[in-house]
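Visitor: dropping the sequence and predicted coords here.
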Amino acid sequence: MARGKLRIYLGAAPGVGKTYAMLSEAHRRAERGTDCVVALVEHHQRPRTEVMLHGLEEVPRRELEYRGGRFTEMNVDAVLARRPQVALVDELAHTNVPGSRNAKRWQDVEELLAAGTDVISTVNIQHLESLGDVVESITGVRQQETVPDEFVRRADQIELVDMSPQALRRRMAHGNIYQPDKVDAALSNYFRPGNLTALRELALLWVADRVDEYLQQYRSDHRVSTIWGSRERIVVGLTGGPEGRTLIRRAARLAEKGAGGEVLAVYIARSDGLTSASPKELAVQRTLVEDLGGTFHHVVGDDIPAALLDFARGVNATQIVLGSSRRKTWQYVFGPGVGATVARESGPDLDVHIVTHEEVAKGRGLPVARGARLGRARIVWGWLVGLAGPAVMALLLNSVPLGLTNNMLLFLAVTVAAALLGGLLPALASAALGSMLLNYFYTPPRHQWTIADPRHIVALVIFVGVGVSVASVVDLAARRTHQAARLRAESEILSYLAGNVLRGETSLEALLERVRETFGMESAALLERADDREPWTCAGHVGVGPPIQRPEDADVDVPVGDHMALALTGRVLPAEDRRVLAAFAAQAVVVLDRRRLREEADRARALAEGNRIRTALLAAVSHDLRTPLAGIKAAVSSLRSDDVAWSEEDQAELLEGIEEGADRLDHLVGNLLDMSRLQTGTVTPILREIDLDEVVPMALGGVPADSVELDVPETLPMVAVDAGLLERSVANLVENAVKYSPDGEQVLVSASALADRVEVRVVDRGPGVPDEAKERIFAPFQRYGDAPRGAGVGLGLAVARGFAEAMGGTLTAEDTPGGGLTMVLTVRAAQGRDTAGPERPTDSAESAREAPAARAPAPSVPALAATPRPAASGGGSPEPSAPSAPSER
């Protein structure tokens, strides 16, 4: 029986229309006469989806009991018995109720496919198993219900159901996805614009990768060797010369002209490894192409044009960019060159661009690495074998005659040994001495320097030529081997340095210690001075007796720029070591600059923090002192007035008002004194581990009790805040929200945990604030809309944001679903506590729950008493207490 075909509708989030699209496809197939049945479809009480079920046959579900409840699942046996052509199965990642035929719904689908039934199903991108960690980092929610990527990849057709985040949020706000009581929670948590945008990008990229895989598979199955220009891919051929940068920039400009253009730079090295490309220049070009968004590739091939074309066709490239030849005119007698050969062999499917540059016809001129030194001991042994070896060999052969041919081979072996040990010069000496001894002892007339037979002259000449040739090859191989080992060590060191540059991990002292250990030195120091007339100062040093006075006192010094130097003591380094040492010196300067920049950034951050606190302090002085002072003055003036005879009750009321105003001033002045110390840097915010349910209720004292609904779960993690600053921030937000809320509408103050943060949301149902004005309302002296003069001077929100940022938190404004404004105050959760965030819901649970977190006794915190005053700016807005990842069940 032929296996059934699987079609999957993939979405970025619940509500984009996967189930609706699946049902629409079923109706289209039914109209064409295809036998379609609904094996299992969840409409989630969405009217439009429910209507689409009309006219389609539904297979009765199987009822199961589990923990006292009754649940329904797909009846696989009934579907198999019905044997439809097409079965609709919703929510591919769903976990079946225990006792079902299979643990997962995708396993049910596998059975239907094996039975020859075509299946149409749906799944969201967050349920793919490989993306679990990525989705959790984006949304803060770990998906418990997943489907293996391999199962989805094997689908015969994957169709993306896409919708913009704005459109999806509008659908949610209109009640087209979830029930009204769940809309606020969903929009404020899982369905945030940032979450939806990131999930949408994941879905688009995943589907794009699958499309590319299908294309490559199709080309492979049908043996398509021609290039299909489905996407502009531009290959840049690099030689390691300075013109490579020009070619890369030109290719990047070409890629920008087409949608989705891609740049691939490739350097082709010969298999023998003896190329003349500059490693430094290649490293610069690699960095350049990566900075421009391309990729760098290193390919080995002896036939450079063929290797370049094979690479281009392998990556389905559409264009090749090459530089004009750097050959001189006379060099063209050896061949047409790489550019001309590639252009001739590229065929009609590859465009070849030959780009002119400043190095045209100037010759290659690339630096060739010098051979490595063989060492003093090896050279001494080489000369010893080259000079003494032929003499010892002659003594041995005089006692055991073997014939001229064998004698020449043995002397040649001595020459090769001299080349292996000491290099070319000892081998040449051995060949010369060996030819003389062969002539004197073994060619007639013997014991004379003359040669009677001309054939012996030819043999000796061949002996010398072969000896010199073999010695040259052996010497070159020995030097290349030694050089390769050294370059490998250098590359490991440079790779270590490059990794530290990217990660920014190494401190100056650790880097200097690495220098000292690498080169076997006693000490290392980095010296600097402001100018040539200033004395040297030591920025950092390690080891015993470092040269901290001046570089001249060191055994080795490497200048870095005009006013810095790396100085080492212990021994004198050879010249070839200074290249790597120069890289270390440059990295040491980078580390020093990074450390100083970090210190400057810390100072700037502290200064900015002081400026924020100073702004909040000034705002509080002008905003919060005025009202109690005015009340006290009015009461005192009334009592002192002789024009009115005050009763005892009136006098008591006025005195009570004076006392309340004085208490408010006393608390406020205490706070302002603390803030002034913060502003001058003598005091920092006292961040303590505090429970929100101990602080937030205290902030509601300035508003009527029946105007606020408080929802702060006790299971929330503790937060690291300053209690006084947090209380004052929340109080300003609440009073602001109450001021703008319609009569009879309560302001909701809720709190919830998300990853390592805790959010306090103040939600109103007032007129709201347009998106373009949401940042402006936090500026001092801003009163949104037509707020009257008595509504305040517009500092409440500015004060609240300043205090929030002083504690390392944030304060932002969002729209309230259904109208109004939500103020979101985010603070850090205390370290070392179990953060009781939202339960990781699955597609089979509609409700939002919170996992209980262990609570610790709240430390006693000296609260900075704060009496909030209203701020005339937009309202606040509520949020549900526990964020929940929405699902389709």
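Guide: On my side now, so go ahead.
Visitor: for residue 295, which residues count as its bridge partners?
Guide: Going by DSSP bridges, residue 295 is paired in beta bridges with residue 264.
Visitor: that one contacts residue 251, correct?
Guide: No. The criterion here is Cβ atoms under 8 Å, and residue 295 misses it with residue 251 at 11.7 Å. Bear in mind the C-beta positions are built from the backbone N, C-alpha and C, glycine included.
Visitor: and the two? which has more neighbours close in?
Guide: Neighbour totals were compared for residue 295 and residue 251, and residue 251 leads with 27 against 13 (other Cβ atoms under 10 Å).
Visitor: in which helix or strand would I find the more buried one?
Guide: Per DSSP states H and E: residue 251 is located in helix 244-256.
Visitor: helices or strands next to that helix in the packing?
Guide: Contact here means 3 or more Cβ pairs under 8 Å, 6 or more residues apart in numbering; DSSP states H and E; on that basis helix 244-256 packs against strand 233-238, strand 262-269, helix 279-291, strand 319-323, strand 351-355.
Visitor: adding mean pLDDT, distance to residue 20 and mean neighbour count, write the ones you listed out as a markdown table.
Guide: Putting the helices and strands packed on helix 244-256 into a markdown table (pLDDT from 0 to 100; distance: least, Cβ to Cβ, whole Å; neighbours: other Cβ atoms under 10 Å) gives the following:
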| stretch | mean pLDDT | distance to residue 20 | mean neighbour count |
| --- | --- | --- | --- |
| strand 233-238 | 89 | 37 | 26 |
| strand 262-269 | 86 | 36 | 22 |
| helix 279-291 | 82 | 43 | 17 |
| strand 319-323 | 89 | 43 | 24 |
| strand 351-355 | 88 | 45 | 17 |
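Visitor: how about these in CSV, adding distance to residue 430?
Guide: Below are the helices and strands packed on helix 244-256 laid out as CSV (distance: least, Cβ to Cβ, whole Å):
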stretch, distance to residue 430
strand 233-238, 43
strand 262-269, 35
helix 279-291, 35
strand 319-323, 46
strand 351-355, 51
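Visitor: relative to residue 598, which of the ones you listed is closest?
Guide: Closest approach to residue 598 among these is made by helix 279-291 (23.3 Å; Cβ to Cβ).
Visitor: restricting to C-alpha, output the closest one in PDB.
Guide: The C-alpha coordinates for helix 279-291 follow below in PDB (Å, rounded to 0.1, in the frame of the first residue of the first chain):
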ATOM      1  CA  PRO A 279      48.400  35.400   5.400                       C
ATOM      2  CA  LYS A 280      48.000  38.900   6.800                       C
ATOM      3  CA  GLU A 281      46.300  40.200   3.700                       C
ATOM      4  CA  LEU A 282      44.000  37.200   3.600                       C
ATOM      5  CA  ALA A 283      43.000  37.800   7.300                       C
ATOM      6  CA  VAL A 284      42.200  41.400   6.500                       C
ATOM      7  CA  GLN A 285      40.100  40.400   3.500                       C
ATOM      8  CA  ARG A 286      38.300  37.700   5.500                       C
ATOM      9  CA  THR A 287      37.400  40.300   8.100                       C
ATOM     10  CA  LEU A 288      36.200  42.700   5.400                       C
ATOM     11  CA  VAL A 289      33.900  40.200   3.700                       C
ATOM     12  CA  GLU A 290      32.400  39.200   7.000                       C
ATOM     13  CA  ASP A 291      31.800  42.800   8.000                       C
END
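Visitor: helices and strands around it, which ones?
Guide: strand 233-238, helix 244-256, strand 262-269, strand 295-300.
Visitor: related to what we said a few turns ago, joint contacts of residue 295 and residue 251?
Guide: Applying Cβ atoms under 8 Å, 6 or more residues apart in numbering, one finds that residue 295 and residue 251 are jointly contacted by 263, 265.
Visitor: of all the helices and strands packed on helix 244-256, which one is nearest residue 818?
Guide: Residue 818 lies closest to strand 262-269 among these, at 45.5 Å (Cβ to Cβ).
Visitor: could you check how far residue 53 is from residue 17?
Guide: Remark: distance between residue 53 and residue 17 (Cβ to Cβ, to the nearest Å) = 15 Å.
Visitor: quick one: which of the two has more around it?
Guide: Comparing residue 53 with residue 17 by neighbour count (other Cβ under 10 Å), the higher total belongs to residue 17, at 19 against 15.
Visitor: what's the neighbour count on the closest residue to the more buried one other than its chain neighbours?
Guide: In space, residue 17 comes closest to residue 161 once its chain neighbours are excluded; the distance is 5.3 Å by Cβ to Cβ, 6 or more residues apart in numbering. A total of 18 residues lie near residue 161 under the criterion other Cβ under 10 Å.
Visitor: tell me the contacts of residue 161?
Guide: Contacts for residue 161 (Cβ under 8 Å, 6+ apart) come out as 9-11, 16-18, 21.
Visitor: need the helices and strands packed on helix 279-291 in a markdown table with distance to residue 80, can you?
Guide: Converted to a markdown table, the helices and strands packed on helix 279-291 look like this (distance: least, Cβ to Cβ, whole Å):
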| stretch | distance to residue 80 |
| --- | --- |
| strand 233-238 | 47 |
| helix 244-256 | 53 |
| strand 262-269 | 47 |
| strand 295-300 | 49 |
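Visitor: can you check which of these gets nearest to residue 539?
Guide: Comparison of the helices and strands packed on helix 279-291 against residue 539 by Cβ to Cβ identifies helix 244-256 as nearest, at 33.1 Å.
Visitor: list the buried residues in the closest one.
Guide: For helix 244-256, a neighbour-count test (16 or more other Cβ atoms under 10 Å) marks 244-252, 254-255 as buried.
Visitor: neighbours of residue 779, just the number please.
Guide: Residue 779 has 13 neighbouring residues, counting by other Cβ under 10 Å.
Visitor: ignore the last one, residue 757
Guide: 18.
Visitor: the nearest residue to it once chain neighbours are set aside: helix or strand, and which one exactly?
Guide: Among residues not flanking residue 757 along the chain, residue 826 sits closest, at 5.3 Å (Cβ to Cβ, 6+ apart). Here residue 826, judged by DSSP H and E, is contained in strand 821-828.
Visitor: helix, strand or coil: sort out residue 573 for me.
Guide: At residue 573 the chain is in coil, as set by DSSP: H, G, I helix; E, B strand; the rest coil.
Visitor: whoops, I mixed them up, residue 8
Guide: Following three-state DSSP, we place residue 8 in the strand state.
Visitor: enumerate the beta-bridge partners assigned to it.
Guide: Assessed by DSSP bridges, residue 8 has beta-bridge partners residue 121, residue 158.
Visitor: contacting residues for it?
Guide: 92, 120-123, 152, 155, 157-159.
Visitor: and residue 532, by the same measure?
Guide: 562-563.
Visitor: quickly find the element holding it.
Guide: Counting by DSSP H and E, residue 532 is part of no helix or strand.
Visitor: next one: the closest residue to residue 556 other than its chain neighbours from residue 282, what distance?
Guide: Leaving aside its chain neighbours, residue 556 sits nearest to residue 568 (4.6 Å; criterion: Cβ to Cβ, 6+ apart). Counting by Cβ to Cβ, the gap from residue 568 to residue 282 is 29 Å.
Visitor: now swap in residue 42 and tell me
Guide: 57 Å.
Visitor: do residue 323 as well
Guide: For residue 323, the distance to residue 282 - Cβ to Cβ - is 14 Å.
Visitor: tell me which residue of the protein is furthest from the middle?
Guide: What lies farthest from the middle of the chain is residue 445; by Cα atoms, centre = their mean that is 82.7 Å.
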